[in-house]
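[1] what's the 3D shape of this:
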Amino acid sequence: MFYTTSTNNQTDLVTHLQDLATYNLWAIQRLVNWLKTKPSDVLDADASSSFPGIRATLTHIRDVEREWQGHLQQRVPAAFMRPVTDEESMEMVLDSLVEQATSFLQYVEGLTADELQEDCYCNLVFAGEICRPRFEIIQHCLNHSTYHRGQVVTIGHQVGLKDAPMTDYLFYALRVKEFRRPRTKTNQSTPKSFLAVNFFSK
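    Here you go, the predicted structure:
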């Protein structure tokens, strides 16, 4: 059993987005560590999904994070939809996925509250010119990666990989984030308000 504690402190936007970017890196690293234990021919196998297999889906996650980071930094990114090639080994794809998530987290950690509210101008293939606050684009990018990580797990089932690790946000919040948080006299004495039964295990 794992517990969280109630609190009246409001999480500001900076802290919230830094937490989500930290979670994104944690989930990607966990997924990559799992995939590195699997045969490369299985990871390259064709499957029925938005993208035709695990490799293509991972490449899409990495490339789209990279492109959105370019928009967020107001520099010209490369085209979104690049064709997937076999030039990169699977290990290179996996390592570069972690590297990109790390870069994205470092970028988010460097932003101020005012910078998160600034408008970003983007010219997108699927939407034309748009202007949105930086925090909305960050939220979109992190949500996009979560969506496609779920597809990787589903594709895994199609090709016989049925032991994927848990990467849900609440799992991260209860089992990873909670144990990294410094314990103080204040939060040690706060009454427990939520009981999380171990419903995460498979």
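
[2] So which bits of the host helix or strand of V152 are buried?
    For V152, the element it lies in under DSSP states H and E is helix 134-158. Within helix 134-158, the residues that qualify as buried are 134-135, 137-139, 141-142, 145-146, 148-149, 151-153, 155-156, counting by 16 or more other CB atoms under 10 Å. Placement of C-beta: from N, CA and C, glycine included.

[3] so after it, what's the next helix or strand?
    Next element after helix 134-158 (DSSP H and E): helix 169-172.

[4] Could you name the helices and strands sitting against that following helix?
    Secondary-structure packing of helix 169-172 (3 or more CB pairs under 8 Å, 6 or more residues apart in numbering; DSSP states H and E): helix 13-35.

[5] Show the pLDDT at the residue positioned nearest the centre of the chain.
    Among the residues of the chain, the one closest to the centroid is N24, at 2.8 Å (CA atoms, centre = their mean). For N24, the pLDDT comes out at 98.

[6] That one: what's it in contact with?
    Applying CB atoms under 8 Å, 6 or more residues apart in numbering, we find N24 in contact with 101, 104-105, 142, 145-146.

[7] ok, now how distant is the nearest residue to it once chain neighbours are set aside from A45?
    Leaving aside its chain neighbours, N24 sits nearest to L142 (5.1 Å; criterion: CB to CB, 6 or more residues apart in numbering). For L142, the distance to A45 equals 28 Å [CB to CB, to the nearest Å].

[8] Check P52 too.
    P52 is 9 Å from A45, by CB to CB.

[9] before we move on, what about R55?
    9 Å.

[10] isn't the residue nearest to N24 right up against A21?
    Yes - if you go by CB atoms under 8 Å, L142 and A21 touch, sitting 6.5 Å apart.

[11] measure A56 to E136 for me?
    27 Å.

[12] Oh, that last question was meant for D168, not what I typed.
    Applying CB to CB to D168 and E136 gives a distance of 23 Å.

[13] which secondary element of this structure has the worst mean pLDDT?
    Least confident helix or strand of the chain, by mean pLDDT, DSSP states H and E, is strand 192-196 with a mean of 38.

[14] what bits of this structure have low per-residue confidence?
    1-11, 76-86, 179-202 (pLDDT under 70).

[15] let's see it at 90
    Applying pLDDT under 90 to the chain picks out residues 1-11, 48-50, 74-88, 121-130, 175-202.

[16] could you check the distance from D168 over to T146?
    On the measure of CB to CB, D168 and T146 end up 9 Å apart.

[17] for E65, same thing?
    According to CB to CB, E65 and T146 sit 11 Å apart.

[18] again, but for S50
    Relative to T146, S50 is positioned 14 Å away (criterion: CB to CB).
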